[in-house]
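Visitor: This is a predicted model, with the sequence first.
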Amino acid sequence: MSAHEVQEIRRFNHFYTNLLGALDYGRHLYTPFTLTEARVLYEIAHTQQVDAADLRASLSLDAGYLSRLLSRFEESGLITRGPSERDGRRQRIMLTEEGRATEDLLEERSCDSVGTLLNRLAPWDRARLAESMATIRELLGDTAERPEPVLRLRAPAPGDLGWMVQRNAALYAREYGFDLDYEALVARIVAEYGEHRDARWDRVWIADLDGERVGAVMCVRDGIDTVIAPADETPPRTARLRLLLVEPEARGRGVGQALVSACVGFARQAGFRELVLWTNSVLSAARVLYERAGFELTAEKPHHSFGRDLVGQDWRLPL
C-alpha cells in the first residue's frame, strides 16, 4: 500500500461526500434528517423483522447513540417497538404509517437527486459509472457471510433468443450510444441461428448466475445463412464467435471468460480450423477477453454504423 493510493482514496471520499451532500444531508434533500437518521429509516423499511441489535451490526452504530435516535423516532410517531418474535429479549422495530410516508419521501428525493446527477452524463458514461461503482463495492464490500454465486452455462430455452436481442440492443444503446440499426443486426443474427442451426456446428450458451441470466454468446459456422451444413461429419473450416454479452452487474465475475472459453472449446472439439470474430474498438473489455483467449487482431477499418463513427476489427484464433 503506497501513500499515493491512500491519498487517492481520501481525495475520492472528499469529492464524493461533497457531491452527494453527505455532510449536510438534510439541507441537501430539504428534509429534517441527517444522513445517519435517513439510513436507519431506510434499513427499518427494507428489512423484515429488524431489531436494534440488527441495526447496530449492519450500520456499525454506537448502542447509546442508536437508542437515543430510535427514541426520537418513536416520540415523533415514525416507529413502534415491541417484543421480537424471534427473541423475546429483543425489540422489534416497525415503521408507522407516518414513518412509511417519511421514508417514501426520503427515497423519492434521494432518487431525484441521483437522477439529476446522472442526467449530466451521456448514456455510455452512466453505464461506465455504474460499473465502476459496482467494482468498488465488490472489492471493498464485506462478502465473508455471502456464499459465492454459482455460474452455469446452459443451452438456450424458449425466450432466451429474444432476450439476447433485447439485452444487446438495450446495453449497447446505453453504453455506446448505438441506435436501432444495431438491434436490427442482432435480430437478423439471432434469426439466422434459429432458422439454420445445426447442433454439430452451431451453439448458443446462456450464462446464469444464481439462476439469473447475466450473459450469452454464440458460436456458429461462418456464413451460417448461406453455407449449407455438410451431410457428413466434416466441419466447415471457419467458426464465428458472435454476440458476446455480459450484464454490467455480472462483470468482473469471470462470466465473459467462461463464455469465450466455451466457444473456443466447442470450436476445437467440433473440428473447425479457425475461430473468427468481428467487433469494434470501443468494446475494450471484450477485446481483453479475446486477447487472453489467444485471438490475434488481423484487420481494422473505420466505418459509420449504428449512428456512430467506429473502428471495426477482425480477430482470428487458429485452432
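Guide: The structure has been received and is ready for your questions.

Visitor: what's around residue 160, how many residues?
Guide: Here the number of neighbours of residue 160 (other CB atoms under 10 Å) works out to 16. (Each C-beta comes from the backbone N, C-alpha and C, glycine too.)

Visitor: Excluding chain neighbours, what is closest to it?
Guide: Leaving out its chain neighbours, the residue that sits closest to residue 160 by CB to CB, 6 or more residues apart in numbering is residue 206, at 5.2 Å.

Visitor: Can you tell me the element the one you found falls in?
Guide: strand 203-209 (DSSP states H and E).

Visitor: Ok, residue 139 next?
Guide: Residue 139 belongs to helix 123-140 when assigned by DSSP H and E.

Visitor: what is the rounded mean pLDDT of that helix?
Guide: Average pLDDT, helix 123-140: 82.

Visitor: which secondary structure elements does that helix contact?
Guide: The elements that helix 123-140 packs onto, with contact taken as 3 or more CB pairs under 8 Å, 6 or more residues apart in numbering; DSSP states H and E, are helix 160-176.

Visitor: residues in contact with the helix it packs on?
Guide: Applying CB atoms under 8 Å, 6 or more residues apart in numbering, the set of residues contacting helix 160-176 from outside is 123-124, 126-128, 156, 178-180, 182-183, 186-187, 190, 193-194, 204, 206, 213, 216, 243, 245, 247-248, 282-283, 306, 308.

Visitor: Can you say which of those are buried?
Guide: 124, 126-127, 156, 178, 182-183, 186-187, 190, 193, 204, 206, 213, 216, 243, 245, 247, 282-283, 306, 308 (16 or more other CB atoms under 10 Å).

Visitor: how about low-confidence regions in the stretch 51-200 of the chain?
Guide: 84-90, 142-148 (pLDDT under 70).

Visitor: swap the cut-off to 90 and go again
Guide: 51-151 (pLDDT under 90).

Visitor: so where do the helices sit in it?
Guide: Secondary structure of the stretch 51-200 of the chain (DSSP state H, counting those that start in this stretch): helices at 52-59, 63-75, 97-118, 123-140, 160-176, 180-196.

Visitor: Ranking these by mean neighbour count, which comes first?
Guide: helix 160-176 (a mean of 18; mean count of other CB atoms under 10 Å).

Visitor: So what angle separates the directions of it and strand 203-209?
Guide: 70 degrees (axes from the mean of the first three to the mean of the last three CA atoms, to 10 degrees).

Visitor: got the angle between helix 160-176 and helix 123-140?
Guide: 100 degrees.

Visitor: Can you dump the C-alpha atoms of the host helix or strand of residue 303 in CSV for me?
Guide: Secondary structure assignment for residue 303, by DSSP H and E: strand 296-305. Output of strand 296-305 as CSV, limited to C-alpha atoms (Å, rounded to 0.1, in the frame of the first residue of the first chain):
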residue,chain,number,x,y,z
GLU,A,296,-5.0,-12.0,-32.9
LEU,A,297,-6.1,-8.8,-34.5
THR,A,298,-5.9,-9.2,-38.2
ALA,A,299,-7.5,-6.1,-39.7
GLU,A,300,-9.1,-2.7,-38.7
LYS,A,301,-11.3,-0.4,-40.7
PRO,A,302,-13.2,2.8,-39.8
HIS,A,303,-16.9,2.8,-40.6
HIS,A,304,-20.1,4.7,-39.7
SER,A,305,-22.7,2.3,-38.3
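
Visitor: Now do the same for the spatially most central residue of the chain: helix, strand or coil?
Guide: Nearest to the mean C-alpha position of the chain, by CA atoms, centre = their mean, lies residue 249 at 1.7 Å. Secondary structure for residue 249, judged by DSSP: H, G, I helix; E, B strand; the rest coil, is helix.

Visitor: now it: how far from residue 210?
Guide: As judged by CB to CB, to the nearest Å, residue 249 and residue 210 stand 11 Å apart.

Visitor: ditto for residue 187
Guide: 29 Å.

Visitor: And for residue 61?
Guide: For residue 61, the distance to residue 210 - CB to CB - is 30 Å.

Visitor: the more surrounded of these two?
Guide: Counted by other CB under 10 Å, residue 61 and residue 210 do not tie: residue 61 has more neighbours, with 17 against 11.

Visitor: I figured that one hits residue 55, correct?
Guide: Yes - between residue 61 and residue 55 there is a contact at 6.6 Å, judged by CB atoms under 8 Å.
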